[in-house]
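J.: Turn this into a structure:
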Amino acid sequence: MSTAIIGTLYAGATLGAMLAGIPIAFALGAVALVFMLAFMPGASLDTVAQNVYEEMASITLLSIPLFILKGAAIGRSKAGQDLYSAMHAWMHKIPGGLGIANVFACALFAAMAGSSPATCSAIGSAGIPEMRRRGYSGGFAAGIIAAGGTLGILLPPSITMILYAVAAEQSLGRLFLAGIGPGLLLVLLFAAYAAWRFRREFAMARAAYVTGGPEHPILAEDRYSMAERFSTLPRVLPFVVLLTGVMVALYGGYATPSETAGLGGLLALALIAAIYGVWRARDVSPILIATLRESTMLMLIIGMSLLYAYVMSYLHISQAAAAAIVALHLSPWLLLLTILLLVVGLGFFLPPVSIILMTAPIILPPLREAGFDLVWFGVVMTITMEMGLIHPPVGLNIFVIKNIAPDIPLSDIIWGTLPFVILMAVAILVLCVVPGIALWLPDLLLPSTK
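T.: Down below sits the predicted model:
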């Protein structure tokens, strides 16, 4: 049987298993095992556990549960609400300052927690009700939080970046640094849109009021004294110091990524104990249970995805697919566009973890041959996968928002996120024109050894 036919069967079986509702990890593992049994030597089944272990025996992957612990500790405290309150107090005079405060709060919290759902939940639970109370439309408020939450997989420490570093065999430190510039670019784009949208809704509300309508809540003005502003800082600054300290430890060469993750997790637990009194066993156990549950789920997906990629490589499916892409003789930018459209399509059905591990063997060789910097591409791919977090039908952040704001219709949430999907596409275009936005910081602090 030809490789093309086997590859088609492999893809079809995977799609069928996922459409049948089988959890992703079990779907990928089951398909891999079936094809091992059908097309590989019988002895290969005896080495499944060994193969999975060898693929996962990476010191880089060790940092994932530790970063999850750090995120769970921060996400299950009131740090998100305090961070949001501080941002609101300092930005309330800017037009659309409440929306912009939510964008910046999402960015900072994402950098501390490294999780998109955690960011949406922590900031959204405080930010969405406040924005609704101030007259922001439901879709607008939901879109800000859903899009801001996606920064969790771009800004360091990003679990998605960790997996890409393993799959692409790239420096994790360079990838983390490369995500900072594009992350700030997205923050600025989101904040600019929030200000523009606020002005539009404000103008509509004022026009209605002038013509005799009721006074809309969006027309009300907030006032904070300087003392009230500074009073919001004591609970926020320690976490900002934590973020800064972890980054200094990592990029200053004082600790490896895994050591940095462990340091961050322990310091986060110490901070929530000191600031919020979360130190008793009944308070800490939900954090540890959540960490264990999420780590187990994620590592199972990683393990099965790596096994799936191993079988695909053994059967020469990935090599044949990569060769077929090269044989098309596409121009470098058309090749990039084709691959990014593939990632967008996969984002309709798969989370970023599976997309990276399943597609890396196929798409990275042609991109490397076309001359693209794989660190730069990792950032572009991550932003592309961010779109998948806020576009239907899967759109994880959409359902997180629906869970914390059940009164907002799902259609309003979806329409509210679409402008941010467009802004992400704009950011990708800007990065294609000015790749230095992603590469200047890693080139400055961690010059490539290639």
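
J.: next SSE after the worst-scoring helix or strand of the chain on mean pLDDT?
T.: Lowest by mean pLDDT, DSSP states H and E among the helices and strands of the chain is helix 48-56, with a mean of 76. Next along the chain after helix 48-56, taking DSSP states H and E as the criterion, comes helix 63-75.

J.: next structured bit after that next one?
T.: Counting by DSSP H and E, the element after helix 63-75 in chain order, helix or strand, is helix 79-91.

J.: Summarise which helices and strands the helix or strand just after that next one is packed against.
T.: Later in the chain than helix 79-91, the nearest helix or strand by DSSP H and E is helix 97-113. In terms of contacts (3 or more C-beta pairs under 8 Å, 6 or more residues apart in numbering; DSSP states H and E), helix 97-113 is packed against helix 63-75, helix 79-91, helix 116-133, helix 138-149, helix 172-210, helix 237-251. For glycine as for every other residue, the C-beta is placed from the backbone atoms N, C-alpha and C.

J.: Comparing those helices, which comes out most buried?
T.: helix 138-149 (a mean of 28; mean count of other C-beta atoms under 10 Å).

J.: Give the other helices and strands that the least confident helix or strand of the chain contacts.
T.: helix 281-314.

J.: Tell me what angle the helix it packs on forms with helix 116-133.
T.: Helix 281-314 runs at 120 degrees relative to helix 116-133, counting by axes from the mean of the first three to the mean of the last three C-alpha atoms, to 10 degrees.

J.: Of the helices and strands packed on helix 97-113, which is nearest W279?
T.: Counting by C-beta to C-beta, W279 lies closest to helix 63-75 out of those; the figure is 11.3 Å.

J.: what angle sits between that closest one and helix 172-210?
T.: Going by the same axes, to 10 degrees, helix 63-75 makes 30 degrees with helix 172-210.

J.: by how many degrees do helix 63-75 and helix 79-91 diverge?
T.: With the same axes, to 10 degrees defining the directions, helix 63-75 sits at 60 degrees from helix 79-91.

J.: Centre of the chain to helix 63-75, how far?
T.: 14 Å (C-alpha atoms, centre = their mean, to the nearest Å).

J.: what do you get for stretch 344-353?
T.: Distance, centroid of stretch 344-353 to centroid of chain: 12 Å (C-alpha atoms, centre = their mean).

J.: Now do the end-to-end distance for that stretch.
T.: Start-to-end span of stretch 344-353 (C-alpha to C-alpha, to the nearest Å) is 14 Å.

J.: which residues are contacting it?
T.: With contact meaning C-beta atoms under 8 Å, 6 or more residues apart in numbering, stretch 344-353 is reached by 18, 24, 153, 159-160, 163, 298, 301-302, 305, 355, 358-359, 382, 384-385, 387-389, 391-394, 396.

J.: Point out the ones among these that are inside helices.
T.: Applying DSSP state H to the contacts of stretch 344-353, the entries found in helices are 18, 24, 159-160, 163, 298, 301-302, 305, 355, 358-359, 382, 384-385, 387-389, 396.

J.: Next, count neighbours for the nearest residue to I398 once chain neighbours are set aside.
T.: Spatial nearest neighbour of I398, chain neighbours left out: I413 (5.5 Å); criterion: C-beta to C-beta, 6 or more residues apart in numbering. Residues lying near I413 (other C-beta atoms under 10 Å) number 25.

J.: how many degrees apart are whichever strand or helix holds I413 and helix 138-149 in direction?
T.: Per DSSP H and E: I413 is located in helix 410-433. Using the same axes, to 10 degrees, the inter-axis angle of helix 410-433 relative to helix 138-149 is 40 degrees.

J.: Give me the distance between the closest residue to Y254 other than its chain neighbours and L429.
T.: With sequence-adjacent residues excluded and distances taken as C-beta to C-beta, 6+ apart, Y254 is closest to V248, at 7.3 Å. According to C-beta to C-beta, to the nearest Å, V248 and L429 sit 33 Å apart.

J.: same check, this time on H92
T.: Applying C-beta to C-beta to H92 and L429 gives a distance of 33 Å.

J.: Just want to know which of those two has more residues nearby.
T.: Shown here are H92 and L429; by other C-beta under 10 Å, H92 has more neighbours (17 against 10).

J.: For that one, give me its contacts.
T.: 98, 101, 222-224.

J.: what number of residues lie near L45?
T.: 11.

J.: give the contact list for it.
T.: Counting by C-beta under 8 Å, 6+ apart, the residues that L45 touches are 33, 36-37.

J.: With respect to W333, which of these is nearest?
T.: Among the contacts of L45, and counting by C-beta to C-beta, the member closest to W333 is M36, at 37.8 Å.

J.: Identify the residues contacting the residue nearest the centre of the chain.
T.: With distances taken as C-alpha atoms, centre = their mean, the chain has I153 as the residue nearest its mean C-alpha position (2.3 Å). If you count contacts by C-beta under 8 Å, 6+ apart, I153 has them with 116, 159-161, 352, 382, 385-386, 389.

J.: For C432, see how far away it is.
T.: As judged by C-beta to C-beta, I153 and C432 stand 20 Å apart.

J.: re earlier: between helix 281-314 and the least confident helix or strand of the chain, find me the angle.
T.: 100 degrees.

J.: since we're on G303, how many residues are nearby?
T.: For G303, the neighbour count with other C-beta under 10 Å is 21.

J.: For it, which non-adjacent residue is closest in space?
T.: V52 (4.9 Å).

J.: one step back: okay, the angle between the helix or strand following the helix holding I413 and helix 410-433?
T.: Note on helix 410-433: by DSSP H and E, the next helix or strand toward the C-terminus is helix 436-445. Orientation note: helix 436-445 sits at an angle of 60 degrees relative to helix 410-433 (the same axes, to 10 degrees).

J.: For helix 436-445, name the packing helices and strands.
T.: Helices and strands touching helix 436-445, by 3+ C-beta pairs under 8 Å, 6+ apart, are helix 172-210, helix 374-390, helix 410-433.

J.: which non-adjacent residue is nearest R132?
T.: A141 is the one closest to R132 (C-beta to C-beta, 6+ apart), at 5.8 Å.
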